[in-house]
Structure formats: structure tokens, C-alpha cells
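Student: Predicted model follows, preceded by the sequence.
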Amino acid sequence: MSPDSRPLLIRRLGRQPYQATWDAMRAFTDARGPDTPDELWLLEHDPVFTLGQAGKMEHVLAPGEIPVIPVDRGGQVTYHGPGQIVGYPLIDLRRAGVGVRELVHRIEQAIIDTLAYWNIGAGRVEGAPGVYVGGAKVAALGLRVRRGCSFHGLAFNVAMDLEPFHRINPCGYKGLAVTQVLDLGGPSRLADVEDALVAEFCRQFGFDAEPAAPHLPELPARAAVQAST
């Protein structure tokens with residue numbers, strides 16, 4: 001690692017329940033100080049619909065047995081499930097020298113450049129954050145910034161059951177098509193896509209990736225209690 005580079009701790013967490021991960025993100029953000037290293041959590045969630053702060057229940061059409069959880073991120077409703085990479089960048093934006101708009105732009109670019117590894121041409125849609133291929137959404141973004149630090153993040157469809165997206169208006173758009181890496185000619189192994197995504201994310205923000213323990217970080221009890229209330 002060069003003297004002027006910044007570390008990014010990469011936690012590959014496997015499959016995690018949504019609520020516990022959300023609580024841990026909030027606790028981490030509340031407990032961190034000016035010298036706390038930034039982290040990127042990569043995981044899969046058990047099936048869940050999450051409804052952002054601007055979300056309207058009218059966009060949840062027929063959830064069935066899948067729980068719906070209102071959360072404190074931006075955006076509308078989306079689906080998380082096995083076969084989708086969920087990435088939570090826990091970044092001190094002031095230290096990184098980026099604002100929220102630039103954060104979104106760079107995360108989108110990291111995903112676009114990741115897809116290019118498999119010759120998948122992707123891009124943005126004006127006014128609709130995320131990454132699209134041929135008009136179909138392959139990755140969604142929903143972020144929150146508190147105390148100058150980001151949490152929540154991205155959902156990148158790799159090799160999953162897309163049926164639950166038909167039970168909602170994805171991101172609040174009726175009839176929005178959703179796609180995934182596997183159907184676009186890319187790999188089905190999440191680890192392969194994660195490796196590329198980490199490399200491109202670090203390139204966008206000037207980080208050096210460092211592996212961290214593959215479990216949620218241990219936090220002061222007070223911070224954990226505050227986050228879950």
C-alpha cells in the first residue's frame with residue numbers, strides 16, 4: 001500500500017438477515033470516529049422487500065410470503081434475495097472528498113466498469129439512479145448519509161430468481177424491466193463479480209482493498225442498542 005493511499009476494509013459476509021445487518025450498519029456509523037477505516041460490506045440477503053423513505057406501499061403489489069421492511073435509505077421499493085450482491089459502502093465522505101451526488105455517480109461507474117469485464121454494455125438513465133442494460137435495470141442504489149458518513153448502498157443482480165420483482169413496481173416504476181448478469185452473458189458465481197466490483201470500486205475512490213473478518217464488526221454495546229431503537 002502506498003503511503004498516501006487509503007485502506008478500504010472488505011467484509012465478505014455471505015448470506016445475512018436484513019434487520020441484523022441494518023442494525024449493524026447504523027451502529028457502525030454512530031460509533032465511528034474520524035480515524036475509523038472505511039469499509040465495504042458484500043453479502044446476500046434472505047428474501048426481503050425494502051421500502052425507502054420516499055417509498056409508497058402502493059408500489060408493493062403482492063408481496064406474498066416475503067416480508068416488507070420500511071427503512072431509512074433513499075429511494076422507493078426494491079427486492080433483495082439470494083444470487084444478488086448487496087454492497088454497503090460505509091465511507092466518511094468528508095475524508096474521501098466526495099458529496100452525495102458524486103458518491104452515487106462513482107458507485108454507478110464502478111458497476112458499469114464491472115459489467116465491462118464480460119463485454120456487457122451498461123449505462124445510466126437520467127433521473128433514475130442505478131445501472132441499466134438495454135433499458136432493464138441490473139443494479140439499484142439506495143443510500144443514507146448521517147454524520148457525513150454513508151451507509152446502505154447497492155443491489156447488483158447476478159444470478160437470482162427475478163420473479164419477486166414482478167410483485168412490486170421496482171424503484172417505484174410500473175413495468176420497469178429487471179435483468180441480471182447471468183442473463184446478459186456474464187458469470188453465475190457471485191465471487192467472480194464481487195472481485196471485479198471491489199477492484200473497480202477501489203479504483204473509483206482511490207482505495208486499497210484490505211480483507212477484513214467475514215462477520216459483522218463487534219461494536220460497543222451502547223452503539224448497538226442505539227442503532228436498534
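Tutor: Now that the structure is in, tell me what you want to look at.
Student: Quickly list what the residue nearest the centre of the chain is bridged to.
Tutor: Nearest to the mean C-alpha position of the chain, by C-alpha atoms, centre = their mean, lies Leu154 at 2.2 Å. Counting by DSSP bridges, Leu154 forms beta bridges with Gly87, Leu141.
Student: Wait, it touches Val86, no?
Tutor: Yes. With contacts counted by C-beta atoms under 8 Å, Leu154 reaches Val86, the gap being 7.2 Å. Where C-beta positions appear, they are placed from N, C-alpha and C, glycine not excepted.
Student: Okay, now the unreliable bits of the chain?
Tutor: 1-4, 219-229 (pLDDT under 70).
Student: show me where it has helices.
Tutor: 18-31, 93-96, 100-115, 190-205, 221-227 (DSSP state H).
Student: Cys171 contacts Lys137, doesn't it?
Tutor: Yes. Contact criterion C-beta under 8 Å: Cys171 and Lys137 qualify, at 7.1 Å.
Student: shared neighbours of these two, anything?
Tutor: Shared contacts of Cys171 and Lys137 (C-beta atoms under 8 Å, 6 or more residues apart in numbering): Gly130.
Student: Return the residues in contact with Gln16.
Tutor: By C-beta under 8 Å, 6+ apart, the residues touching Gln16 are Leu43, Glu44, His45, Asp46, Leu216.
Student: burial measure for the third one, as a count.
Tutor: Under the neighbour criterion other C-beta atoms under 10 Å, His45 is assigned a count of 20.
Student: Check whether it really touches Gly81, as I assumed.
Tutor: Yes. Between His45 and Gly81 a contact is recorded at 6.6 Å, counting by C-beta under 8 Å.
Student: The nearest residue to Asp46 once chain neighbours are set aside: neighbour count?
Tutor: The shortest distance from Asp46 to any residue that is not its chain neighbour, by C-beta to C-beta, 6 or more residues apart in numbering, is 5.4 Å, and that residue is Pro17. By other C-beta under 10 Å, the residues close to Pro17 number 11.
Student: same check, this time on Gly52
Tutor: Residues near Gly52, counting by other C-beta under 10 Å: 21.
Student: Contact partners for the residue nearest to it when sequence neighbours are not counted?
Tutor: Closest residue in space to Gly52, ignoring its immediate chain neighbours: Gly75 at 3.9 Å, by C-beta to C-beta, 6+ apart. Under the criterion of C-beta under 8 Å, 6+ apart, the neighbours of Gly75 are Gly52, Gln53, Ala54, Gly55, Pro129, Ala140, Leu141, Gly142, Cys171, Gly172.
Student: Repeat that for Asp113.
Tutor: Here Asp113 is in contact with Glu200, Arg203 (criterion: C-beta under 8 Å, 6+ apart).
Student: Against Ala159, how distant is it?
Tutor: To Ala159, Asp113 is 20 Å away according to C-beta to C-beta, to the nearest Å.
Student: same deal with Arg189?
Tutor: Arg189 is 8 Å from Ala159, by C-beta to C-beta.
Student: which of those two has more neighbours?
Tutor: For Arg189 versus Ala159, the count of surrounding residues by other C-beta under 10 Å is larger for Ala159: 18 against 13.
Student: Would you quantify the distance from that one to Leu9?
Tutor: Applying C-beta to C-beta, the value for Ala159 to Leu9 is 26 Å.
Student: And Asp35, by the same measure?
Tutor: Separation of Asp35 from Leu9 (C-beta to C-beta) stands at 13 Å.
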